[in-house]
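Chemist: One predicted model, sequence on top.
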Amino acid sequence: MKKLLPITILVLFLAGCTEPVPKVATYLNSTSPALTVNQEARIRSKILEVVQNADTSGDTSALATRVTGPALDLRNIQLLIKRATGKVDPNLQIPDTAEQVIITNNLTWPRDVFVITNTTQDQQQTERLLVIDQNSVREDYKLWGLVRLFTGVSLPSFEVANIGSGYIAPDDITLSFSPKKALQAYSSLLQSGAVPDDTQNFADDPLRREIRTVTASAASELGQFAGSQKQTFTARKDRVRAIRSAEGGALLVGQIDSAWTRNTGNGASAIAASDAERAILGPSIPTSSITVNYINIVAIYIPPKTSGVQMKVVGAERYPVVARTN
Amino acid sequence: MFLKLYTPIATVVAILIAVFSVFSDAIFQVDPDVNSSISTPIENGGILVMTDSGVLDLSNNSVSVFVDSGENVEIAVAIGQSSDVVAYLGNDTYTRITGMSSWTELSSVQMPQTGPKIPPTVADIHSDMWEYYDVGKGHMNFDWTKKSGMTWSLLVFAKTTHTDSAASSSKQVVSVKLNWKRKTSKQFMIPGLSISLLIMVGCLVMHLVYKSKNVRGRHSGEAKRLAELISNKTGEFALPMSAKIRSVHEFAKVESNAANQSLLPSLNAGLSMQNYQVTYGAQSDNWRYYDEEVPTSLIYNSQITHTQSISPYPGGLSKQIYATPPAQADSLGAQPGYATNQVYQPPAIPGIELSSTFNAVSRLESAPVESDVQFLSRKELRTKEKKRKKKEKS
């Protein structure tokens, strides 16, 4: 037997010489980002082209091909205000270069890409947070969320784009608050008057300060007429998108609708609370009671479950959408 | 004999295999192009074809894709991540290219229609998800290079245009051909060189075994006992096995060649056993620890096998005529220190040359050490020598 060993090896080797047809390697179903960095850049430039066309022409009819969700509502109203006031709103700017691109590695839909843009060219404006969403497999990616980040805000770090970031379901259980609950909690906080308090789940933020200020100034004006005001906030649980940060937390963008009803007591006409309101209300308000609906888009950082850190609103947009007289 | 004969043969075979595997491409004149294709009929006006993950990079990371059909057939080609392409096709009917069935043919599986219909126009398969996308008519080709980190699939959509009559469109066929420039295959190089290396290592081992068979063979067990004995004595050091084994051989192996010795008397001499005293302590490069001051003598009983050859043997051959049977050679019963360096002197037989080889088979007797054996490191030794020199001076 032993004598045959070298001969056997030789025979086996020569038998292997008829080259086999290559076999398809079975790949592990490893997670990879839904898009390459180049694809994302290509998609974003297409979206921004559509947005810019609408911005310059004022024609919003084509917006829906590449803009959807809260971002579409927001852009429509921003352009309506622009038409009404004739002023160029610096908030319309969306820088076309990205500071960071956060691409989901979600294998199913909806899929989201979060983009933190650079500051605007004049450096006067903060970074934008864009949420670019593909709702289903045969749809294109569309701009879903658009939020100005607050000045000097610090964001968590995210996985690099060629690894991809994890998907977070609206009722994810790995976080201190699921995205839906976080949005609800913030909405309740705004409802309760937005006064900061250490026991709250959120640190204080510029949006709350702004709401407090405008509410207080409206109160003092309405006080002259023995008027009253009321604000209700409703979290839009169908409009939440979130992506996982590197340390296991999440960044979410969500929409909170609000209605601000103001009554001027003794029959005086109601007044617009801002230029934006004036733009949608028109030149004069015939009645003493109005309700203005606002769209609030917020970006919230949710820390991981055990971190014990407060949630933090890192960016927001707040625009009046529609007003009605009561 | 097996080892003596086959070791060189195996070495030559190993070298041949190595040479063969390095030059295998030239020997077989491997075709540098791989062309593999598949044709599918276009049914109901349109067909979707995709490749499974791993098909595009079957033969090389770069592939040229050729899609051919009739002049009136609109074609869209796209490349996307495999999971996206599968999700995109969803429950549609499509042809899945699963791999190669031969060097020239691709294999495929037909996926049944269970859901949505084929997109109405070729432009409709455009998607943000595609890394590459193009539309054309009749014939398309493009090159694709795999991007790492993701798995990619080709998606082809062929659709007959309205100008086609129903009859002709039913005969339309779309063919997908993948062309790879084969990596200078070197396919035999790694396995060939590995086999060759294995054989060579095997040969080397066999050679060493053969070389030391007569002296060492079965006796590594004794060397181990020696190591145990020494380490028991010092409680601290054991000599490295390799050094010990080598040294045992050096000391225990005694060879003598005697010319013009008597043949017959030697056969009766009964020189089957001898005891040798082996002294440790002589300086040698083999020692890792050495201290010449300590009398480190160990009694080492050795068994001698005595092999004799006569030359010329009748018929002109050399032949081994005698070897001590192992049964006679057991020296376990011998007393320690029985004899030292006995030299066998067989009487001469005129006209016949006799060569004798003594091979010592060594066993260590129990507890022969007179004093404690102490092993020092070289550093300790140097310190000790310095002290001694100082002492001598003073």
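Modeler: Thanks, I have the structure now. Residues are numbered from 1 along each chain as shown, chains lettered A, B, ... in the order given.
Chemist: low pLDDT regions in chain A?
Modeler: A:1-19, A:26-30, A:194, A:198, A:267, A:284-285 (pLDDT under 70).
Chemist: what's the residue of the stretch 201-350 of chain B found nearest chain A in contact with, if anything?
Modeler: Using Cβ to the nearest Cβ, the single residue of the stretch 201-350 of chain B nearest to chain A is B:G202, 9.0 Å away. Heads up, the C-betas are built off the backbone N, CA and C, glycines and all. B:G202 makes contacts with B:A10, as judged by Cβ atoms under 8 Å, 6 or more residues apart in numbering or on different chains.
Chemist: what about it, is that helix, strand or coil?
Modeler: helix (DSSP: H, G, I helix; E, B strand; the rest coil).
Chemist: give me the low-pLDDT residue ranges for chain B?
Modeler: B:1-5, B:25-31, B:115-116, B:162-171, B:183-187, B:210-378.
Chemist: Put the alpha carbons of the strand or helix carrying A:L80 into CSV.
Modeler: Assigned by DSSP states H and E, A:L80 belongs to helix A:69-85. These are the backbone C-alpha positions of helix A:69-85, laid out as CSV (Å, rounded to 0.1, in the frame of the first residue of the first chain):
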residue,chain,number,x,y,z
GLY,A,69,-43.8,63.5,3.3
PRO,A,70,-43.1,66.3,5.7
ALA,A,71,-40.5,67.8,3.3
LEU,A,72,-43.1,68.2,0.6
ASP,A,73,-45.5,69.9,2.9
LEU,A,74,-42.8,72.1,4.2
ARG,A,75,-41.5,73.1,0.7
ASN,A,76,-45.0,73.8,-0.6
ILE,A,77,-45.7,76.2,2.3
GLN,A,78,-42.2,77.7,2.1
LEU,A,79,-42.7,78.5,-1.5
LEU,A,80,-46.2,79.8,-0.9
ILE,A,81,-44.9,82.2,1.7
LYS,A,82,-42.1,83.2,-0.7
ARG,A,83,-44.7,84.0,-3.4
ALA,A,84,-46.9,85.9,-0.9
THR,A,85,-44.1,87.9,0.7
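Chemist: Residues contacting it, please?
Modeler: With Cβ under 8 Å, 6+ apart as the criterion, helix A:69-85 contacts A:51, A:54-55, A:58, A:60, A:63-64, A:67, A:88-89, A:91-92, A:130-131, A:133, A:142-146, A:236, A:239, A:253, A:255, A:275-276, A:278-280, A:295, A:297, A:317, A:319-321.
Chemist: Quick check: the gap between the residue of the stretch 201-350 of chain B closest to chain A and B:V209.
Modeler: 10 Å (Cβ to Cβ, to the nearest Å).
Chemist: For the stretch 151-300 of chain A, just list every one of the helices.
Modeler: A:179-191, A:206-224, A:275-281 (DSSP state H, counting those that start in this stretch).
Chemist: could I get those helices as CSV with distance to chain B and mean neighbour count?
Modeler: Formatted as CSV, the helices of the stretch 151-300 of chain A follow (distance: least, Cβ to the nearest Cβ, whole Å; neighbours: other Cβ atoms under 10 Å in any protein chain shown):
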stretch, distance to chain B, mean neighbour count
helix A:179-191, 24, 21
helix A:206-224, 32, 15
helix A:275-281, 33, 19
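Chemist: who's in contact with the helix or strand just after the helix holding A:L80?
Modeler: Counting by DSSP H and E, the element after helix A:69-85 in chain order, helix or strand, is strand A:98-103. Contacts with strand A:98-103, where a contact means Cβ under 8 Å, 6+ apart, come from A:33-35, A:37, A:40-41, A:44, A:113-118, A:127, A:158-159, A:161, A:164-165, A:243, A:251.
Chemist: which of these are buried?
Modeler: A:33-35, A:40-41, A:44, A:113-117, A:127, A:158-159, A:161, A:164-165, A:243, A:251 (16 or more other Cβ atoms under 10 Å in any protein chain shown).
Chemist: From those residues, list the ones also adjacent to chain B.
Modeler: Among the buried ones among the contacts of strand A:98-103, proximity to chain B is found for A:33-35 (Cβ under 8 Å from any Cβ of the partner chain).
Chemist: need those in CSV with secondary structure, can you?
Modeler: Converted to CSV, these look like this (three-state DSSP):
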residue, secondary structure
A:P33, coil
A:A34, coil
A:L35, coil
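Chemist: how many neighbours does whatever residue of the stretch 151-300 of chain B ends up closest to chain A have?
Modeler: Closest approach between the stretch 151-300 of chain B and chain A, counting by Cβ to the nearest Cβ: B:T151, at 5.1 Å. Neighbourhood size, B:T151 [other Cβ atoms under 10 Å in any protein chain shown]: 22.
Chemist: what's near enough to touch the residue nearest to it when sequence neighbours are not counted?
Modeler: In this structure, B:T151 finds its nearest non-sequential neighbour in B:S53, 3.9 Å apart by Cβ to Cβ, 6 or more residues apart in numbering or on different chains. B:S53 makes contact with A:24, A:27, B:82-83, B:151-153, according to Cβ under 8 Å, 6+ apart.
Chemist: Got a ChimeraX select line for the buried ones in those residues?
Modeler: Entered in ChimeraX, the line below selects the buried ones among the contacts of B:S53, by 16+ other Cβ under 10 Å:
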select /A:24 /B:82,83,151,152,153
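Chemist: and which of the contacts of B:S53 is nearest to B:Y6?
Modeler: A:V24 (41.7 Å; Cβ to Cβ).
Chemist: Using the three-state scheme, assign that closest one.
Modeler: coil.
Chemist: Can you give me the distance of it to chain B?
Modeler: Separation of A:V24 from chain B (Cβ to the nearest Cβ, to the nearest Å): 4 Å.
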